[in-house]
Each structure stands twice: as C-alpha cells, then as structure tokens.
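In: How does the following fold in three dimensions:
(one chain, ligands or ions: 1)
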Amino acid sequence: MKLATKLIHAGVEPDPSTGAIMTPIYQTSTYVQTAPGDHKGYEYARTQNPTRTALQNALAAIENGKYALCFGSGMAATDAVIKLLNPGDEVIAANDMYGGTYRLFTKIFQKYGLKFHFVDMQNAENIKQHINANTKLIWTETPTNPMMNITDISAVAAIAKQHNILVCVDNTFASPYLQTPLDLGADIVLHSATKYLGGHSDVVHGCLIMNDTVLEEKLSFIQNSCGAVPGPQDCFLILRGLKTLHIRMQRHCENGEKIANWLRSNSKIDKVYWCGFQDHPNHAIAKKQMRGFGGMMSFTLKDDSMEAANKVLSATKLFSLAESLGGVESLIGHPASMTHASIPREKRIQNGLVDSLIRLSVGIEDVDDLIEDLDNAIGKEIISATNKREQNIAAV
Ligand SMILES: Cc1ncc(COP(=O)(O)O)c(C=O)c1O
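Out: All right, here's what the predicted structure looks like:
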C-alpha cells in the first residue's frame, strides 16, 4: 500500500463487537478474564489497550517499521529509549535539537552515569571522533529544531553499524510523509505525535517505531514497567489525525515554500533557515532523503535584539504566539525564551540560536492571508519585481 492508503486504513479493523468503522475509545482500566489467564489478549490497560493497539499498528505501517509503541508524550518516548542504556554508556547527540531533549539528557540522565557528547551532525564524519567502546546510541533530529539543520541519516547509520551502535532519529519535524528514517538505516524512529501526526493541537503524545524484535521487546518492557502510556482518547485523536496527514503535509509544504521565499525578500530580515533553499548548507542531503521540505522555518532580524523580536512576536494575528508546532493553524515562537530557554545563552548563540531568532510553524490556512499577517508584523517592504525574482532563483 502507498502512504495515503496506509494513513487511512493501516491498523484499523471494523470493531469486532459492533462493526464500528472507527476504532472505539476503549475507556477501561482492566479486562474480565473467564478463568485465570483465560482472556482475549488484554489483561490490564497500562500493558495493552485496543485503541492503542490500532494506533501502534498504524504507526508501524506508515514509518515502514514492524512495531510501534505509544507513550504519553514525545519526552516519555525519549525517556524510554535512554532507559535502554546502563551507567557508563555514552550517547552521541546532535548539538542542535529540541531543548527538552537536551534538558532530559543533561539534567536527568547525566546524573545516573550516562555521558552525552553533543556534536555538529551536519557532517556525519564528526561523530567518529567521539566513538569509543562505551558508545551505545547516536541520537539525531533532522531537520533540527529550530535551526533546520539536516543530518545525513544513511551516513550516520553506516558509521553506527560498523561499531554496533543504535541510531535513533527524531522524525517529528519531517513526519513520515517527508522522510522514513528506518528505510535509511535508523534503528528507532521517534515522534512527538503532539505535532504533525496529531495535527490539530489537541493532544500530547509520543511514539517509537522499530523493526528489530529484540529491541521492541526491551522497549515494550520499559513502556509497561515505567508506565508512561497514553490514554485511549489520546490514541484515538492521533489515529484520527493520521488519516489526513498526507493532505495536511502537502499544504504545509506549499505554504512553507511561499513563506520562506517571501521572508527572504524582506529587507528587515537577516537570515532565513529553511532546508528547501538551494543554498541551504545541507540542501543536497535534504533532497536525497526527504520528499519535500515542510512548513517549519526560522528567521533572524537585522536588528538582532529581544526587543525587535518581541515586537514581531506580539504583532501577528493569524500566527499565534505559542509553543508547539505541526498543527493546522500557524504558530510563531521565540526559541531563545520559549522552547530552548533551558539551553545556556552562550551555547545557544554558538549554534546560531540568536536573540532575534523567530520560528514559524506554517499552517494550512490561505497563504496570502499568512503573508499579509507577517507583512503587517515585520513591516512593509517595497521590493522591485526584478529583485524578488533574483532572490527566488536561489530557492527551489
Ligand atoms: C523535535 C521534538 N522532539 C520531541 C519533542 C517533545 O515532545 P512532547 O512535547 O510531545 O513531549 C518536541 C516538542 O516540542 C519536539 O519539537
């Protein structure tokens, strides 16, 4: 089956008791057994729930994996992966990723004797110098949040395989519509399903997808033992969100391309980070491993100050100032004070995350209205048609 068909049908069977076409929300904590151990495959709802099973099967299918496991949030899914490790183990992680992941690694897990190396993964070769006998996991996010850097997943996986190291890819920004990391050699795919998979900003959820049976057994043991599982209603909402992922993503990509080009043509804007630009440093890799470039982007202002950024952030009307991303509605955010506030200032500035950096999650509204909203907030610019054409040539 092709992705669009899988998104609508995978994992979902008419409900055996009524024929309901949508998997019901099995709001139950336990299941009645006719005799000890004689049950219908469900014993206790932390361990299994039919709504979760349907979603897990759907998620495995759309990421081209064999198994999926659901969690109460993206962070709970990340937490489960790190619990595969033992004290003394080392992780090589991207130096530009979601601030909450960095916080979990450094503020929670470091004290249990795990060592994290944060490296620039735009060049996969950079990983090699940090590999030693204790290295057990490589963690990457691509495109990254919020700098839109790209990691070459196949190149990282090839290096990891030589040393028997697991590779986990946070695929939240791309979604399986744009990129399927298991096909490129990754061992585990992670999603904050709160974002594009859910797609409607109404649920917090996370998941892991994998092919290896032993890995699935270990991770489902952690899922059940630690108990960070989602409720059935949240699973239902993700299952419903998946059914329109392909058409939402198509529009996110179209709107994203138009807005990225428009931002580039505005003289108040300094840099625009969007991996669809031909002159993006890793555009060739993005083109090789992605099927489009999405609606996530960041930009900086020529006036690189918190004040200037605040003015823009408070002036948009359609772009709502809020954390999160990937919903149908457009969001605007300020990584330095919001999603990435947990990263020390000098560290974030080193990685290009300057004070005026603004992140957009371009939604699926009418793009002309979105551009007008940004235009009103950033300030009107008169740009000659020739100038605009020249700037657009650099873009896809
Ligand atoms: C790339 C990425 N990974 C993981 C997470 C964490 O997900 P959650 O908020 O669902 O716990 C986020 C949240 O913003 C994210 O952007």
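
In: mind checking how far Lys66 is from Ala4?
Out: 21 Å (CB to CB, to the nearest Å). Where you see a C-beta, it was placed from the backbone N, CA and C, and this is true even at glycine.

In: try Val81
Out: From Val81 to Ala4 the distance is 29 Å (CB to CB).

In: Those two: which is more packed in?
Out: Neighbours were counted for Val81 and for Ala4 using other CB atoms under 10 Å; Val81 has more, 23 against 14.

In: Report the secondary structure state of that one.
Out: helix (DSSP: H, G, I helix; E, B strand; the rest coil).

In: check contacts around it.
Out: Taking CB atoms under 8 Å, 6 or more residues apart in numbering, we find Val81 in contact with 137, 139, 168, 188, 190, 208, 219.

In: element containing the second one?
Out: Trp139 is located in strand 135-141, with elements delineated by DSSP states H and E.

In: For the next helix or strand after that strand, what is the distance to the chain centroid?
Out: Later in the chain than strand 135-141, the nearest helix or strand by DSSP H and E is helix 153-162. Going by CA atoms, centre = their mean, to the nearest Å, the spacing between the C-alpha centre of helix 153-162 and its chain's C-alpha centre is 20 Å.

In: and helix 153-162, what's its mean pLDDT?
Out: Taken as a whole, helix 153-162 carries a mean pLDDT of 98.

In: same for it, what does it pack against?
Out: strand 135-141, strand 166-170 (3 or more CB pairs under 8 Å, 6 or more residues apart in numbering; DSSP states H and E).

In: Distance of the residue most central in space within the chain relative to Ser17?
Out: Residue closest to the average C-alpha location in the chain (CA atoms, centre = their mean): Thr172, at 1.3 Å. Taking CB to CB as the criterion, Thr172 is separated from Ser17 by 35 Å.

In: Kindly report the same for Leu7.
Out: The spacing between Leu7 and Ser17, counted by CB to CB, is 25 Å.

In: Quick check on those two: which one has the bigger neighbour count.
Out: When Leu7 and Ser17 are compared on other CB under 10 Å, the one with more neighbours turns out to be Leu7, at 23 against 7.

In: Counting by contacts, list what the host helix or strand of that one packs against.
Out: Leu7 is located in helix 3-9, with elements delineated by DSSP H and E. Contacts of helix 3-9 with other secondary structure elements, assessed using 3+ CB pairs under 8 Å, 6+ apart, are made with helix 50-62, helix 245-264.

In: most tightly surrounded among those?
Out: Looking across these with neighbours counted as mean count of other CB atoms under 10 Å, the highest average goes to helix 50-62: a mean of 24.

In: Over that one, what's the mean pLDDT, rounded is fine.
Out: Mean pLDDT, helix 50-62: 98.

In: residue contacts, Ile269?
Out: 263, 299-302, 378.

In: still on that earlier bit, now distance to Ala160 too, for the helices and strands packed on helix 153-162, in JSON lines please.
Out: Below are the helices and strands packed on helix 153-162 laid out as JSON lines (distance: least, CB to CB, whole Å):
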{"stretch": "strand 135-141", "distance to Ala160": "5"}
{"stretch": "strand 166-170", "distance to Ala160": "5"}
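
In: quick one, which of the ones you listed is packed in tightest?
Out: Most buried of the helices and strands packed on helix 153-162, by mean neighbour count (mean count of other CB under 10 Å): strand 166-170, with a mean of 25.

In: ok, back up a step: let me see the mean pLDDT of the helix holding Leu7.
Out: This predicted structure assigns helix 3-9 an average pLDDT of 97.

In: returning to that earlier point: now the residue nearest to the centre of the chain, what's its secondary structure?
Out: Assigned by three-state DSSP, the conformation of Thr172 is coil.

In: swap in Gly100?
Out: Three-state call for Gly100 (three-state DSSP): helix.

In: for this structure, which spans come out with low pLDDT?
Out: 380-396 (pLDDT under 70).

In: Count the neighbours of Pro143 for me.
Out: Here the count is done by other CB under 10 Å, and Pro143 has 28 residues near it.

In: let me fix that: Ala76
Out: As a burial measure, Ala76 scores 22 neighbours (other CB under 10 Å).

In: Does it touch Val204 like I think?
Out: No - checked against CB atoms under 8 Å, the pair Ala76 and Val204 is beyond contact range at 9.3 Å.

In: For the stretch 151-300 of the chain, what lies in contact range of the ligand?
Out: Taking CB under 6 Å from any ligand atom as the contact definition, the stretch 151-300 of the chain meets the ligand at 170, 172-173, 192, 194, 204, 206.

In: ok, so of the residues you listed, who is nearest Thr34?
Out: Minimum separation from Thr34 among these (CB to CB) is found for Gly206, which lies at 34.6 Å.

In: Can you tell me the closest non-neighbouring residue to Arg103?
Out: Closest residue to Arg103 apart from its sequence neighbours, by CB to CB, 6 or more residues apart in numbering: Ser342 at 4.3 Å.

In: returning to that earlier point: find the pair from the contacts of Val81 with maximum spatial separation.
Out: With CB to CB as the measure, no two of these lie farther apart than Trp139 and Leu219, at 14.8 Å.

In: which residues touch Ala155?
Out: If you count contacts by CB under 8 Å, 6+ apart, Ala155 has them with Ala124.

In: Now do the phi/psi pair for the closest residue to the ligand within the chain.
Out: Minimum separation of the chain from the ligand (CB to the nearest ligand atom) falls at Gly74, amounting to 2.3 Å. In terms of degrees, to the nearest 10, the main-chain angles of Gly74 are phi -60, psi -40.

In: wait, it sits on Val189?
Out: No - contact criterion CB under 8 Å: Gly74 and Val189 do not qualify, at 11.9 Å.
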